[in-house]
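S.K.: how would this look folded up:
(2 chains)
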Amino acid sequence: EAGVAQSPRYKIIEKRQSVAFWCNPISGHATLYWYQQILGQGPKLLIQFQNNGVVDDSQLPKDRFSAERLKGVDSTLKIQPAKLEDSAVYLCASSLVGHGYTFGSGTRLTVV
Amino acid sequence: AQSVTQLDSQVPVFEEAPVELRCNYSSSVSVYLFWYVQYPNQGLQLLLKYLSGSTLVESINGFEAEFNKSQTSFHLRKPSVHISDTAEYFCAVSGNSGGYQKVTFGTGTKLQVIP
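M.R.: Alright, predicted model coming up:
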């Protein structure tokens, strides 16, 4: 089966600019996650979708981060405006309950 | 609430020596347990998982982990490591929270295999 697709692979922006990441999960996976992984730390859940509904966004900085999953398939994560501390790898994952999570390759964001 | 503790941030080990990476968790509900591996500059890959049944689970590349409910642990072991095992390993727990599965990751353990 095809894996989780993410783009872009790398992105460098200046602080206060905006950026968007895209994720296409594995076909049939109802649950989609966005994680932020800062260098030297474990992944931190930003938002979890079940189909196109949000089930957990408690750790999403809503003043600058937003995410949507239209039609319950692919998803976009946006940061506006970006801060230096947003530099991280943004990982998208999808899953079927109990089968573990399949991660995409991630988008490495550098904010300068 | 659930949490995962990986006490060792770095584990250096000589090639062909055995290794154990420790993982302890806490949760008030039944959980699924996972180990993920992250090679340098790559994404996370599922290494092995415990869902139910046998408490000893194995991966295709020689790693194994044992679910110990009484000690709330899911340590990862390999009897003889190879240079190619150098990577960061993350333990994760998944439990039902409000009707959906919530996943929590540990902070990771960097395994450095020394030739």
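S.K.: which residues of chain B lie near chain A?
M.R.: B:32, B:34, B:36, B:42-46, B:49, B:51, B:90, B:92, B:97-108 (Cβ under 8 Å from any Cβ of the partner chain). Just so you know, the C-beta spots here come from the backbone N, C-alpha and C atoms, and that holds for glycine as well.
S.K.: how much space between the spatially closest residue to B:Gln6 that is not a sequence neighbour and B:Tyr50?
M.R.: Spatial nearest neighbour of B:Gln6, chain neighbours left out: B:Gly106 (3.8 Å); criterion: Cβ to Cβ, 6 or more residues apart in numbering or on different chains. B:Gly106 is 15 Å from B:Tyr50, where distance means Cβ to Cβ, to the nearest Å.
S.K.: what does A:Tyr10 give?
M.R.: With Cβ to Cβ as the criterion, A:Tyr10 and B:Tyr50 are 35 Å apart.
S.K.: ok, the two, which is more surrounded?
M.R.: The neighbour count for A:Tyr10 versus B:Tyr50, taken as other Cβ atoms under 10 Å in any protein chain shown, is higher for B:Tyr50 (19 against 10).
S.K.: okay, now the unreliable bits of chain A?
M.R.: Counting by pLDDT under 70, the ranges of chain A that qualify are A:1, A:97-100.
S.K.: so which bits of it are right by chain B?
M.R.: A:31, A:33, A:41-45, A:48, A:50, A:55-56, A:91, A:93, A:95, A:97-106.
S.K.: now the buried members of those residues.
M.R.: A:31, A:33, A:42-43, A:45, A:48, A:50, A:55-56, A:91, A:93, A:95, A:100-106 (16 or more other Cβ atoms under 10 Å in any protein chain shown).
S.K.: just the residues of chain B next to chain A: which are in strands?
M.R.: Of the positions in those, B:32, B:34, B:36, B:44-46, B:49, B:90, B:92, B:97, B:100-105 sit in strands, assigned by DSSP state E.
S.K.: pull the most distant pair out of these.
M.R.: B:Gln45 and B:Ser97 (24.9 Å; Cβ to Cβ).
S.K.: among the two, which residue is more densely surrounded?
M.R.: Taking other Cβ under 10 Å, B:Gln45 and B:Ser97 do not tie; B:Ser97 has more neighbours (17 against 13).
S.K.: contacting residues around that one?
M.R.: A:56, B:2, B:29 (Cβ atoms under 8 Å, 6 or more residues apart in numbering or on different chains).
S.K.: listing partners with orientation, what would you give for the lowest-mean-pLDDT helix or strand in chain B?
M.R.: Confidence across the helices and strands of chain B bottoms out at strand B:100-105, with a mean of 82, counting by mean pLDDT, DSSP states H and E. Using DSSP bridges, the strands paired with strand B:100-105 are strand B:87-97 (antiparallel).
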